[in-house]
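Chemist: Sharing a model that was predicted from the sequence below.
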Amino acid sequence: MMRSMFSSISALRAHQTRMDVIGDNIANVNTVGFKSSRVTFASVFASVIKAASAPDTTSGRGGSNPMQIGLGVSVASVDMNMTRGSLQRTDNPTDLAIEGDGFFVVGGDGKAPRFTRAGNFSLDKMGNLVTANGLNVLGWMYDPVNNQIDTTKSPSKINILAYPTLPPKATDKISFDGNLSADTKAYNGTIDKYEDLLNVPAESKYSMSFKVYDSQGKEHTLQLTFVKKDNNQWEWFVDAPREKKNIGTAQAPQEVYVYVDDMIDANNNYDAFIARGTITFGQAGKVFDDENTPNVEGIQITGGRIYDSANGTFTINFVGSAVNPITFKVNSSQFDVNDNTNIAFFLKNLTQFGNMDSSIRVAQMTGYSAGSLQGFNIDATGKITGIYSNGLNQLIGQIAIATFANPAGLQRIGDNLYINTVNSGDPEIGTPGSGSRGTISQGTLEMSNVDLAKEFTDMIVTQRGYQANARVITASDELLQDLVNIKR
């Protein structure tokens with residue numbers, strides 16, 4: 001009788017623990033990245049009243065099972081359910097979710113890293129990506145010197161504002177493609193100065209504008225004009241838009257064509273062009289290039305304000321040396337936008353075909369103005385890319401993810417954080433999407449994986465189990481009362 005009361009008391013305690021866990025699960029039904037838990041029970045050892053006996057072949061009696069009475073129940077385990085919660089779209093750029101296995105690595109406070117599935121991050125005033133309680137999200141920053149993200153280093157703070165400005169880059173190579181119509185009428189006149197070029201009939205020339213950037217990121221508009229001189233030969237001119245202006249005095253006027261862009265230095269030589277040269281096409285309509293005679297090139301530079309015919313270069317100079325001059329090489333044999341030694345002004349992709357209008361465009365070029373950080377994107381591999389006002393992108397860093405051999409062995413420490421234990425295994429930190437690590441989804445949050453229907457069902461079962469065990473205590477008490485009443 002007394003055993004029944006103590007067995008029921010152990011059951012009440014176990015069911016109370018289960019209710020505690022159910023209550024915690026339901027309380028965190030809306031907690032970002034929360035992982036629910038469950039309680040399993042185990043019977044405690046039994047009191048053996050009679051031991052088992054083996055069959056007796058001598059007397060012919062069979063064996064008997066042991067007689068034993070259990071002594072209640074205990075909590076066998078409180079297990080975490082590490083299944084992924086559903087994703088909720090928030091469109092907040094600092095909200096991140098892991099699609100798959102793994103945990104965000106957070107810390108940066110001098111203590112061992114901690115781990116979380118809650119990706120409700122934000123930026124602090126320094127631009128660091130931090131958790132809701134201020135811990136830094138860890139990863140690897142972009143190294144502009146080596147032009148890479150070194151993920152072999154220990155993870156460190158992710159600072160979104162590490163590159164608030166994208167420095168300008170001067171144009172050092174530009175490539176054109178398109179066609180100069182073979183049907184264009186040749187021009188026999190002499191072109192010695194800008195005004196002569198204006199007087200060339202439209203039926204004999206083609207002009208286009210393009211832009212270059214100086215070393216401070218300022219944009220300068222230039223003009224590239226082609227004048228057909230013979231069947232397969234054209235003359236090209238690089239110059240900038242001009243306007244007629246009196247640079248003399250009222251008494252002694254001197255009207256010249258000055259540059260509209262007053263940064264371009266004419267060096268008081270208003271008749272000269274920035275550069276000029278010739279382009280010769282072969283009979284197939286492509287730029288002449290005699291491979292057997294390297295010195296014979298289809299593109300030559302013949303003049304300009306600052307030019308070098310031997311090396312095929314010309315230079316755009318700027319007033320007051322405020323910015324670096326820009327030098328191009330017109331007879332480069334190839335164009336490689338990624339070759340830092342290449343300074344090509346590349347015209348070799350032009351053609352001269354008939355029955356086609358003249359149309360030329362800038363195919364590729366380097367150089368851009370400075371840009372300020374306008375926003376950032378985080379891709380599936382955790383790479384953070386800054387978006388700048390000049391339309392360019394810049395890598396900023398990459399977020400780290402840790403996986404564990406036994407994630408259910410992690411220990412909860414509050415604030416949606418976990419630490420590794422001896423049974424979870426050591427963290428295996430790497431980039432999202434590598435190995436068994438999940439990928440990153442920006443603008444989403446992983447919701448709690450608490451299943452309310454299951455929790456309510458478990459709550460009913462637990463409540464009934466608790467009531468039944470309480471009833472056993474009541475019944476046992478009534479039996480004791482009846483026993484006491486025998487004495488009257």
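Modeler: On my side now, so go ahead. Keep in mind that what you see is a predicted model, and the values were worked out from it rather than measured. Residues are numbered from 1 along each chain as shown.
Chemist: count of residues packed around the closest residue to residue 378 other than its chain neighbours?
Modeler: Among residues not flanking residue 378 along the chain, residue 442 sits closest, at 4.4 Å (C-beta to C-beta, 6 or more residues apart in numbering). Where C-beta positions appear, they are placed from N, C-alpha and C, glycine not excepted. Using other C-beta atoms under 10 Å, residue 442 has 20 neighbouring residues.
Chemist: show me what contacts residue 442?
Modeler: 93, 95, 96, 377, 378, 379 (C-beta atoms under 8 Å, 6 or more residues apart in numbering).
Chemist: Buried residues, stretch 353-364. List them.
Modeler: Residues 358, 360, 362 are the ones in stretch 353-364 that count as buried (16 or more other C-beta atoms under 10 Å).
Chemist: what do you get for stretch 475-488?
Modeler: residue 476.
Chemist: Averaged pLDDT, it. What do you get?
Modeler: Average pLDDT, stretch 475-488: 87.
Chemist: Name the residues that touch stretch 81-89?
Modeler: Contacts of stretch 81-89 (C-beta under 8 Å, 6+ apart): 33-38, 97-100, 117, 407-408, 441, 443-449.
Chemist: sorry, back to before: in TSV, list the buried residues of stretch 353-364 along with pLDDT.
Modeler: Output for the buried residues of stretch 353-364, formatted as TSV (pLDDT from 0 to 100):
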residue	pLDDT
358	94
360	95
362	94
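Chemist: Please pull out the lowest mean pLDDT helix or strand from this protein.
Modeler: strand 46-50 (a mean of 82; mean pLDDT, DSSP states H and E).
Chemist: Pull out the buried residues from it.
Modeler: Buried, per 16+ other C-beta under 10 Å, within strand 46-50: nothing.
Chemist: Show me what secondary structure element comes after that strand.
Modeler: Downstream of strand 46-50, the next assigned helix or strand under DSSP states H and E is strand 67-70.
Chemist: residues making contact with that following strand?
Modeler: 3, 7, 43, 44, 45, 46, 47, 48, 49, 50.
Chemist: Which pLDDT value goes with residue 403?
Modeler: 96.
Chemist: my guess is it contacts residue 101, does it?
Modeler: Yes. Counting by C-beta atoms under 8 Å, residue 403 sits close enough to residue 101 to count as a contact (5.4 Å).
Chemist: any common contacting residues for these two?
Modeler: Joint contacts of residue 403 and residue 101 (C-beta under 8 Å, 6+ apart) are 436, 437.
Chemist: More neighbours: which of these two?
Modeler: Using other C-beta under 10 Å as the criterion, residue 403 and residue 101 rank with residue 403 on top: 20 against 16.
Chemist: ok, residue 182 to residue 344 distance?
Modeler: From residue 182 over to residue 344 the distance is 25 Å, taken as C-beta to C-beta, to the nearest Å.
Chemist: Ok, residue 193 next?
Modeler: Distance from residue 193 to residue 344, by C-beta to C-beta: 27 Å.
Chemist: neighbour count winner among the two?
Modeler: residue 344 (24 against 15).
Chemist: got the contact list for the more buried one?
Modeler: Counting by C-beta under 8 Å, 6+ apart, residue 344 has contacts 173, 174, 175, 328, 329, 330, 332, 334, 335.
Chemist: again with residue 240
Modeler: Residue 240 sits in contact with 220, 221, 222, 223, 259, 260, 261, 264, 274, where contact means C-beta under 8 Å, 6+ apart.
Chemist: how near is it to residue 260?
Modeler: On the measure of C-beta to C-beta, residue 240 and residue 260 end up 7 Å apart.
Chemist: what's the answer for residue 330, then?
Modeler: Taken as C-beta to C-beta, the span from residue 330 to residue 260 is 24 Å.
Chemist: The two: who's more crowded?
Modeler: A count of neighbours by other C-beta under 10 Å puts residue 330 above the other of residue 330 and residue 260, at 26 against 12.
Chemist: Kindly state the beta-bridge partners for the residue nearest to residue 378.
Modeler: residue 96 (DSSP bridges).
Chemist: Over to residue 378?
Modeler: Bridge pairing for residue 378 (DSSP bridges) gives the partners residue 384.
Chemist: Okay, it and residue 446: tell me how far apart.
Modeler: 15 Å.
Chemist: now swap in residue 477 and tell me
Modeler: Residue 477 sits 49 Å away from residue 446, going by C-beta to C-beta.
Chemist: Check residue 152 too.
Modeler: When residue 152 is compared with residue 446 (using C-beta to C-beta), they lie 28 Å apart.
Chemist: Check residue 35 too.
Modeler: Per C-beta to C-beta, residue 35 is found 10 Å from residue 446.
Chemist: same thing with residue 472?
Modeler: Taken as C-beta to C-beta, the span from residue 472 to residue 446 is 43 Å.
Chemist: ok, those two, which is more surrounded?
Modeler: residue 446 (24 against 17).
Chemist: Now do the same contact list for the more buried one.
Modeler: 32, 33, 84, 85, 86, 87, 88, 97, 98, 117, 118, 119.
Chemist: again with residue 451
Modeler: Contact partners of residue 451, counting by C-beta under 8 Å, 6+ apart, are residue 36.
Chemist: Which pLDDT does the model give it?
Modeler: Residue 451 is given a pLDDT of 95.
Chemist: repeat for the one 3 residues further on
Modeler: Note on residue 454: pLDDT of 95.
Chemist: Since that was my last question, I'll sign off now.
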